[in-house]
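[1] okay, here's the prediction I keep looking at, along with the sequence it came from:
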Amino acid sequence: MRVPGDLKWSDVTPKPLWVNRRQIIAGGAALLATPALAKIEAAKSVFSTTDAPNTLEEITTYNNFYEFGTDKGDPARNAGALTTSPWTVVIDGMVDRPGSYGLEDILKDAPLEERIYRFRCVEAWAMIIPWIGFELGHLLNKVGVQPGAKFVAFETLVRPEEMPGQATSILEWPYREGLRLDEAMNPLTILATGLYGEEMPKQNGAPIRLVVPWKYGFKSIKSIVKISLVAEMPQTTWNMLQPSEYGFYSNVNPTVDHPRWSQASERRVGAGIFAGRQDTLLFNGYGEQVAALYAGQDLAKDF
Ligand SMILES: Nc1nc2c(c(=O)[nH]1)N[C@H]1C(S)=C(S)[C@@H](COP(=O)(O)O)O[C@H]1N2
Ligand SMILES: [Mo]
């Protein structure tokens, strides 16, 4: 866990804020009044890991984004055709202000930060990714969550003309994910709009995707077009496909194996063949922040 005051890579890299400010300013001239320095200060997230990030090359060429194919290289090869502007996100269900929100509206007063997170895929590989994003809770508070809401459901864009994987039925489209409301409101849960000092590469889920660092990577749904506040646990893509292998919670847990492989250790992408595997940490190392969410739950049952 990073402590405020120790200078890191992120402290000397103000560019992401400029890039994102440019996007925001394009959406509303009033924001020109916001001093750039204040934004840069806000970027030093105390939630960043001190682990060295993977390279931009690794982060953008080794992807899972089945809308563009199942091979790790397919998203980088095929996502270029995706149109990400204009972009709207429908926010509906149990909210005070439902609607179809333009990305500019969503970003207008969003406190963007750079968050360097550990990211652990269910396939037992891991990366360190310097995201740029803001807390999902900020958006949920803005639209006003009603008391009956207990879960948040997310959907990815369906556009087979631009997403060749959607011509196949490898998964049921749209890609769907969900969180319990307290998980969604946890400060670690972010909506990311960029990484590594640039706006979000298309293969990583442009223009806006979820990042939930204590859960397996598949919970971090990409290219979101719909967010629904609901009373019941929503259906999720991987759980629908194979419920015995992918639970709703999908918390990173070295003691609960996938039925077909161990989750006790992981391979750091790009680490080289002599680096060896690393032990996987409960909640991907974020237990201090999130373990209390699951007090009293049997994590082997609620996997
Ligand atoms: N819409 C959508 N979101 C998705 C996926 C997908 O296939 N489609 N794959 C998930 C999986 S399995 C992982 S590991 C992460 C990968 O994110 P990255 O490519 O940015 O590292 O995206 C997740 N989000
Ligand atoms: Mo994954």
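    It's in. Please read these numbers as outputs of a predicted model, since none were measured by experiment. Ligands and ions are numbered 1, 2, ... in the order given.
[2] center of the chain - which residue?
    Centrality entry for the chain: nearest residue to the mean C-alpha point is V211, 1.8 Å, by Cα atoms, centre = their mean.
[3] hang on, isn't it packed against R120?
    No - under the criterion of Cβ atoms under 8 Å, V211 makes no contact with R120, lying 11.8 Å away. Every C-beta, even on glycine, is put in place using the N, C-alpha and C of the backbone.
[4] all strands of the stretch 51-200 of the chain, in order?
    Chain-ordered strands for the stretch 51-200 of the chain, with DSSP state E, counting those that start in this stretch as the definition, fall at 88-93, 99-102, 113-120, 125-135, 151-156, 176-180, 190-195, 198-199.
[5] and what of the stretch 201-303 of the chain?
    209-211, 224-230, 265-268, 278-279.
[6] of all those strands, which lies closest to ligand 2?
    Smallest distance to ligand 2 across the strands of the stretch 201-303 of the chain (Cβ to the ion): 11.6 Å, for strand 265-268.
[7] mind listing what that closest one pairs with, with the direction of each?
    Here the strand partners of strand 265-268, with direction, are listed using DSSP bridges: strand 125-135 (parallel), strand 278-279 (antiparallel).
[8] ligand 1 contacts on the stretch 101-250 of the chain?
    Residues of the stretch 101-250 of the chain found near ligand 1 (Cβ under 6 Å from any ligand atom) are C121, T156, Y175, N204, G205, G217, F218, S220, I221, K222, S223.
[9] by neighbours, which of those wins?
    By neighbour count, taken as other Cβ atoms under 10 Å, the most surrounded of these turns out to be K222 (29 neighbours).
[10] F47 and ligand 1: what is the separation?
    For F47, the distance to ligand 1 (Cβ to the nearest ligand atom, to the nearest Å) stands at 18 Å.
[11] what about that residue, helix or strand, and which?
    Assessed by DSSP states H and E, F47 sits outside every helix and strand.
[12] what is the neighbour count of G80?
    Counted with other Cβ under 10 Å, G80 comes out at 12.
[13] so what's the spatially closest residue to it that is not a sequence neighbour up against?
    Nearest-residue entry for G80: K202, 6.4 Å, with adjacent residues in sequence omitted and distances by Cβ to Cβ, 6 or more residues apart in numbering. Contact criterion Cβ atoms under 8 Å, 6 or more residues apart in numbering gives P75, A79, G80, L82, T84 as the residues in contact with K202.
[14] for those, give me a markdown table that also has distance to ligand 2.
    As requested, those are exported to a markdown table (distance: Cβ to the ion, whole Å):
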| residue | distance to ligand 2 |
| --- | --- |
| P75 | 12 |
| A79 | 16 |
| G80 | 22 |
| L82 | 20 |
| T84 | 22 |
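[15] among these, which lie within helices?
    Here DSSP state H is the test, and the contacts of K202 give P75 as lying in helices.
[16] quick one: buried ones out of the contacts of K202?
    Judged by neighbour count, with 16 or more other Cβ atoms under 10 Å as the criterion, the buried members of the contacts of K202 are P75, A79, L82, T84.
[17] got CSV for the residues you listed, with pLDDT too?
    Formatted as CSV, the buried ones among the contacts of K202 follow (pLDDT from 0 to 100):
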residue, pLDDT
P75, 98
A79, 98
L82, 98
T84, 97
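[18] mind picking the two most distant members of those?
    Looking at the buried ones among the contacts of K202 by Cβ to Cβ, the two members farthest from one another are P75 and T84, with 13.7 Å of separation.
[19] before we move on, the earlier item: mean neighbour count, the strands paired with strand 265-268: which tops it?
    Across the strands paired with strand 265-268, averaging neighbours per residue (mean count of other Cβ atoms under 10 Å) puts strand 125-135 on top, at a mean of 23.
[20] is it in proximity to ligand 2?
    No - when contact is scored as Cβ under 5 Å from the ion, no part of strand 125-135 falls within range of ligand 2; the minimum is 8.3 Å.
[21] so that strand versus strand 190-195, what angle?
    The directions of strand 125-135 and strand 190-195 differ by 110 degrees, with axes from the mean of the first three to the mean of the last three Cα atoms, to 10 degrees as the criterion.
[22] let's have the strands of the stretch 201-303 of the chain in TSV, adding distance to ligand 2 and mean pLDDT.
    Compiled in TSV, these are given as follows (distance: least, Cβ to the ion, whole Å; pLDDT from 0 to 100):
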stretch	distance to ligand 2	mean pLDDT
strand 209-211	12	98
strand 224-230	17	99
strand 265-268	12	98
strand 278-279	17	98
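[23] looking at the stretch 101-250 of the chain, what residue ends up closest to ligand 1?
    Ranked by Cβ to the nearest ligand atom, the top residue of the stretch 101-250 of the chain for proximity to ligand 1 is G217, at 2.6 Å.
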